[in-house]
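> Predicted model and sequence below, questions to follow.
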Amino acid sequence: MKRDLEGISRKNYDLIIIGAGMFGACAAWEAAQRGLSVILLDRIDFCQATSANHFKMVHGGIRYLQHGDLYRVRESSRERSALLRIAPHLVQPLPIVVPTYGHGLKGKEILSAGMRIYDFTTIDRNHRISDPERRIPRSHFISRKEIINMFPGIDQEKLTGGMLFHDGQMYNPHRVVLSFIRSAVDAGADAANYVEVNDLLIRKDRIYGVKARDMLSNNEFEISANAVLNTSGPWANHILSKSLKINLDPVPAFSRDAAFVIKKKLNPDFALAVTSKTKDMDAILDRGGRHLFVVPWLDRQYTLVGVWHIVWGKSPDRVFVTDEELQEFINEVNAAYPAIQLTLDDVCMVNAGLTLFEESVPGSKIMRFGKRSKLVDHERIHSLKGLFTLIGVRATTARGMAEKAISLIAKKIRKYAGTSETGFKPIYGGDIDNFVSLLKEANNNSAGTIREDNLLSLLHSYGSKYKEVLKYADSNSQSNGEAQDINLLKAETVHAVREEMAQKLGDIIFRRTDIGTVEHPGREALQQCAEIMAGELGWSKSQIEHELDEVEDFYRNKGAIKSYTLEDDKKKVDASS
């Protein structure tokens, strides 16, 4: 992955994609795999906003049974299966326990019937998933004694047992998105981060490209293409309104979905679903409110807790969670599961991003949740040829929606696009028959020079491509544990700069590696990483300090406040220089 802006400006593409979150990355891979020339752009870094704050769940659609929405059940199950097939290093099954109480809507009879319907509706959920560890088993009932043993302290009044079903979990959403982008680049696509699209270029009734600005140098340039796909999520309507003075109808509403990470491992193997206060207005059968989930995070000593929703009427540039809101969330979890006894000090990181919703009143907790991703052909709506907008509802369905979008675009620009293979073709690092076998191979290759937990993280992040990182490791490094950690950190950092377009310290700490995705890794680790990047990118001492300050600011806010702008960034560096 090379950031060649001069080369980009000289090309004429079939397609420009604006926004490199999950939907943009999947669209780039889909387009490149089917033979279209494509460029993917993002004004900050790849997977920096909503996709970065994903709850890590890969939904199979079970809750859509409450809506009687079998289309979404089938769509979600199909796309969960696709991710388990094509990204076996990054996605795995997650067992979830739902407690049952009494014999009404919260009882085992109703839930068992629902689970049987779900199992039948998703009977093909393991199609072409060869690794038994990646297959989704049938749901089944567990006894009262079993659930008490799994989760001591659970409310036992009228407890009759629980249902155990499986969904999916991402090891790291950033690496999922980056793996789609690397696959696209390997197939011939171009990609560039820190490039803002300021204007859509129009000639008569056709979009023929974009005017862009390099956010790192402030240089402006144009990129030509036969079509533009706007996948910028909460910013999608802003781009249309600013450049073309048009709006989506209706203007999309967004929810701030919030979750947090705690340094507690309540149960290393099973997630727990507890009832929240938030009502789902579209549920045909209401079991008392939407579920909150307490979830072990794959191969980490941490737990994920969420998700809370509130309609967001503020700017998408600054999405935050106040301490008062966070305390309210904690109180709700403690009330639903008293044994957890959370405090603000237990929270390591807050994730907050914007998700497409139905029309709702800003600030409301009684909401109508988004049901369908929006794919808009602006020729049909605004008589503008060559312009398309895709706003997704759930990251799980991004690949499938990308397939639909690229099929439509190819037809509209009269460009032959081959058959889609993205539902079965492994993405970057996903060429793995069996993850356990890969771990054994890596252990043999590393000959004990990498700590087991670090090796596991490396394999989850890079899969079958882990050797591409280790080639930057110092083979003569000392064998003690601290030296091993530093050596691996150096290898990942150099790899991220040279091969994955990392431009800033935060790109590596939060998005290219697993160094800082759960909590502060320590000042020494940040300093080492910054100095390695400085050697690669020629940073001054003032730039190093600024990059460190920026990352520290993120941690001071537990990751919840996203008020970062590159213009402010540049002013601070210039002033300190």
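Sure thing, it's come through.
> mind exporting the strand or helix carrying Leu229 as PDB, just the C-alpha atoms?
If you go by DSSP states H and E, Leu229 is part of strand 220-230. Presented in PDB, the C-alpha positions along strand 220-230 are these (Å, rounded to 0.1, in the frame of the first residue of the first chain):
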ATOM      1  CA  GLU A 220      -5.300  20.200  -3.700                       C
ATOM      2  CA  PHE A 221      -5.700  18.000  -6.800                       C
ATOM      3  CA  GLU A 222      -8.400  16.400  -8.900                       C
ATOM      4  CA  ILE A 223      -9.200  12.700  -9.500                       C
ATOM      5  CA  SER A 224     -11.200  11.600 -12.600                       C
ATOM      6  CA  ALA A 225     -13.600   8.700 -12.700                       C
ATOM      7  CA  ASN A 226     -16.700   7.300 -14.500                       C
ATOM      8  CA  ALA A 227     -18.500   7.000 -11.200                       C
ATOM      9  CA  VAL A 228     -18.400   8.100  -7.500                       C
ATOM     10  CA  LEU A 229     -19.700   5.900  -4.600                       C
ATOM     11  CA  ASN A 230     -20.300   7.900  -1.400                       C
END
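> roughly how far is that strand from the heart of the chain?
Relative to its chain's centre, strand 220-230 lies at 25 Å (CA atoms, centre = their mean, to the nearest Å).
> Which other helices and strands does the helix or strand just after it contact?
Using DSSP H and E, the next helix or strand after strand 220-230 towards the C-terminus is helix 236-244. On a contact count with 3 or more CB pairs under 8 Å, 6 or more residues apart in numbering; DSSP states H and E, helix 236-244 meets strand 195-203, strand 220-230, strand 387-391. Heads up, the C-betas are built off the backbone N, CA and C, glycines and all.
> For those strands, give me CSV that also has distance to Gln503 and mean neighbour count.
Output for the helices and strands packed on helix 236-244, formatted as CSV (distance: least, CB to CB, whole Å; neighbours: other CB atoms under 10 Å):
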stretch, distance to Gln503, mean neighbour count
strand 195-203, 11, 18
strand 220-230, 17, 21
strand 387-391, 26, 25
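> Show me the one of the ones you listed that comes nearest Arg414.
Arg414 sits nearest to strand 220-230 of all the helices and strands packed on helix 236-244, at 8.9 Å, using CB to CB.
> strands paired with that closest one, and their directions?
As defined by DSSP bridges, the strand partners of strand 220-230 come to strand 12-18 (parallel), strand 206-214 (antiparallel), strand 387-391 (parallel).
> can those go into CSV with extra columns for mean pLDDT and distance to Lys108?
Below are the strands paired with strand 220-230 laid out as CSV (pLDDT from 0 to 100; distance: least, CB to CB, whole Å):
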stretch, mean pLDDT, distance to Lys108
strand 12-18, 98, 47
strand 206-214, 98, 55
strand 387-391, 98, 38
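> which secondary structure element contains Leu459?
Leu459 belongs to helix 452-462, assigned by DSSP H and E.
> for that helix, packing partners?
Under the contact definition 3+ CB pairs under 8 Å, 6+ apart, helix 452-462 sits against helix 173-186, helix 435-446, helix 466-470, helix 481-499.
> Go through these and pick out the most buried.
Highest mean neighbour count of the helices and strands packed on helix 452-462: helix 173-186, a mean of 26 (counted as mean count of other CB atoms under 10 Å).
> So for it, mean pLDDT?
Over the span of helix 173-186, the pLDDT mean works out to 98.
> ok, back up a step: make TSV out of the strands paired with strand 220-230 and add distance to Met1.
Conversion of the strands paired with strand 220-230 to TSV gives the following (distance: least, CB to CB, whole Å):
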stretch	distance to Met1
strand 12-18	15
strand 206-214	16
strand 387-391	23
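> closest to Asn149 out of those?
Closest approach to Asn149 among the strands paired with strand 220-230 (CB to CB): strand 387-391, 43.8 Å.
> Okay, now the unreliable bits of this protein?
Within the chain, the ranges that satisfy pLDDT under 70 run 277-289, 359-370, 448, 475-484, 559-577.
> domains of the protein?
The chain resolves into domains spanning 5-50+174-251+372-412, 57-170+252-357, 435-576 when parsed by automatic domain parsing.
> got those domains as CSV, with distance to Glu421 columns?
Output for these, formatted as CSV (distance: least, CB to CB, whole Å):
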stretch, distance to Glu421
domain 5-50+174-251+372-412, 6
domain 57-170+252-357, 10
domain 435-576, 18
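> Just name the most buried of these.
Comparing those by mean count of other CB under 10 Å gives domain 5-50+174-251+372-412 as most buried, with a mean of 21.
> about what we covered before: TSV for the helices and strands packed on helix 452-462, including distance to Asp167?
Putting the helices and strands packed on helix 452-462 into TSV (distance: least, CB to CB, whole Å) gives the following:
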stretch	distance to Asp167
helix 173-186	15
helix 435-446	18
helix 466-470	27
helix 481-499	29
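> Among those, which comes closest to Ile142?
Comparison of the helices and strands packed on helix 452-462 against Ile142 by CB to CB identifies helix 435-446 as nearest, at 26.0 Å.
> helices and strands around that closest one, which ones?
In terms of contacts (3+ CB pairs under 8 Å, 6+ apart), helix 435-446 is packed against helix 452-462, helix 466-470.
> Alpha carbons only: can I get the first one in PDB?
The C-alpha atoms that make up helix 452-462 are tabulated as PDB, following Å, rounded to 0.1, in the frame of the first residue of the first chain:
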ATOM      1  CA  GLU A 452       2.600 -16.800  23.400                       C
ATOM      2  CA  ASP A 453       0.100 -14.000  24.000                       C
ATOM      3  CA  ASN A 454       1.900 -11.700  21.500                       C
ATOM      4  CA  LEU A 455       2.100 -14.500  19.000                       C
ATOM      5  CA  LEU A 456      -1.600 -15.200  19.300                       C
ATOM      6  CA  SER A 457      -2.300 -11.500  18.800                       C
ATOM      7  CA  LEU A 458       0.000 -11.400  15.800                       C
ATOM      8  CA  LEU A 459      -1.800 -14.400  14.200                       C
ATOM      9  CA  HIS A 460      -5.300 -12.900  14.800                       C
ATOM     10  CA  SER A 461      -4.200  -9.600  13.300                       C
ATOM     11  CA  TYR A 462      -2.300 -10.800  10.200                       C
END
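> Give me the distance from that helix to the chain's centre.
That offset, for helix 452-462, works out to 19 Å (CA atoms, centre = their mean).
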